[in-house]
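Participant: starting from these lines, generate the structure:
(one chain, ligands or ions: 1)
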Amino acid sequence: MSHLETINVVTEHKSVPVQLHTDFSGLSEEISKLPGVTSVFLITERSIHSLYSKYLEKELSSLRKEVRVIYVKGGEKSKHIDRTGEVYNKLIEFGADRKSLVLAFGGGVVGDFAGFIASTYLRGIRFVQIPTTLLACVDSSVGGKVAVNADLGKNMIGSFYQPEFVFAPLIALSTLPDREWRCGQAEIVKHALLSGGEYWEKVKEHSLSDLNANAPILPYLIAESVRFKAAVVSSDEKETGLRKILNLGHTTAHAIESVTKYKKFSHGEAVAVGLITALFISEEKAGLDPKISLETVDCLKRYGLPFTTRLKSKELAKHMLHDKKNVGGSIRFVLLEKPGSPVFDVPVESEEIVRNIRRQKAL
Ligand SMILES: NC(=O)c1ccc[n+]([C@@H]2O[C@H](COP(=O)([O-])OP(=O)(O)OC[C@H]3O[C@@H](n4cnc5c(N)ncnc54)[C@H](O)[C@@H]3O)[C@@H](O)[C@H]2O)c1
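Facilitator: Predicted coordinates for the structure are as follows:
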């Protein structure tokens, strides 16, 4: 059995199927449905490819097309504009044309990077996302944001560029280290808080030990998360309004990552801490029941995620002022009135942020 479920992201110009599969079978069939593909380029990290090349090669052999592999270095530092030149050159050298197809096989770093390459090579060629981390399955592969980093800022150069489809082979998660499971789980907690209802109730019930590639709950957790994100992106692809709610927890998360120069906390860990800052501020400014914040702290603990840091609250607030999502010099937050009822673009004063980060430290 391979196909589990398909959820569509419907944008103004395109409907993008996000397909959840148990393994790789069916990938070639899906690629074959794309008209006129001349050549295929698999962009991936060497370490990820070596884990799954046997399965991929077997599956892709039925395409009866040469599949060239282009390796990129892993890690946030490598998702940099300076690393794009060598990949463009390889595509030119291998004769990639306007009908070529890029397969982005990896986590969010590969997905964002390869997606950016596809969006710019020959003014845009088609690409497919094949996510291999939990975060990439539930978040980065869905929604069409592709980007690379500049020296002075993360994801500063990029575009909205939808893949032809997303093919998530859950078997790939079987080699995922614990820290990466936690990282993806932070985004799942975020989606569950934003969507509310049964999803939030279910996410609260589980813990890290329930999460592995064969866990019966996994397809449900991923599908609901994708369904939620797909609905948000379908109503606001370019983040002019509602899509901003997906930044719940991210104002503090970006400050934590930037203060620690992306070395100490994974993105998911930073988001976990940021969720609690947002929920504490929501109690003061959006009438959130304090019970929800405490339930979320408990939930993060069970998933092995942090809910506070030792970083100085004033330094974090200072960094928030430089967040690219700010408007007119004031710090904007996504807050929650209750699970399922977010509000966005809420201006929050530095003192309010400092006060609530201090509350977090006292937990
Ligand atoms: N485009 C978007 O909408 C969006 C949304 C959220 C995050 N992002 C981006 O996603 C990136 C983070 O993605 P990530 O958390 O997937 O990190 P990642 O891509 O760096 O992967 C994390 C680690 O797991 C390893 N890995 C990947 N798949 C594996 C597997 N199946 N088995 C074993 N190891 C594996 C990678 O080599 C890496 O060391 C960031 O750059 C962030 O900006 C983008």
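Participant: who are the contact partners of F167?
Facilitator: For F167, the set of contacting residues under the criterion of C-beta atoms under 8 Å, 6 or more residues apart in numbering consists of 19, 21, 26-27, 30, 128-130. For glycine as for every other residue, the C-beta is placed from the backbone atoms N, C-alpha and C.
Participant: can you map out the strands along the stretch 151-300 of the chain?
Facilitator: Per DSSP state E, counting those that start in this stretch, the stretch 151-300 of the chain carries strands over the ranges 153-160, 166-169.
Participant: for the ones you listed, which one sits closest to E57?
Facilitator: Taking C-beta to C-beta, strand 166-169 is the member of the strands of the stretch 151-300 of the chain nearest to E57, at 13.9 Å.
Participant: how far off centre is that closest one?
Facilitator: The gap between the average C-alpha position of strand 166-169 and the chain average comes to 14 Å, counting by C-alpha atoms, centre = their mean, to the nearest Å.
Participant: what about that strand, near the ligand?
Facilitator: No. Contact between strand 166-169 and the ligand is absent, the nearest approach being 9.3 Å (criterion: C-beta under 6 Å from any ligand atom).
Participant: in that strand, which residues are buried?
Facilitator: 166-169 (16 or more other C-beta atoms under 10 Å).
Participant: returning to what we had before: how about the strands of the stretch 151-300 of the chain in TSV, adding mean pLDDT?
Facilitator: Listed next are these as TSV, based on pLDDT from 0 to 100:
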stretch	mean pLDDT
strand 153-160	93
strand 166-169	98
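Participant: format these as CSV; extra columns: distance to A286.
Facilitator: Listed next are the strands of the stretch 151-300 of the chain as CSV, based on distance: least, C-beta to C-beta, whole Å:
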stretch, distance to A286
strand 153-160, 27
strand 166-169, 33
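Participant: hang on, the earlier thing: pull the most distant pair out of the buried residues of strand 166-169.
Facilitator: Every pair in these was compared (C-beta to C-beta); the two farthest apart turn out to be V166 and P169, at 10.7 Å.
Participant: give the residues shared as contacts by the two.
Facilitator: I130.
Participant: torsion angles phi and psi at the residue of the chain most remote from its centre?
Facilitator: Relative to the mean C-alpha coordinate of the chain, counting by C-alpha atoms, centre = their mean, the farthest residue is R64 (32.1 Å). Its backbone dihedrals place R64 at phi 50, psi 40, with angles given as degrees, to the nearest 10.
Participant: out of the buried residues of strand 166-169, which one sits closest to the ligand?
Facilitator: Distances from the buried residues of strand 166-169 to the ligand were compared by C-beta to the nearest ligand atom; the smallest belongs to P169, at 9.3 Å.
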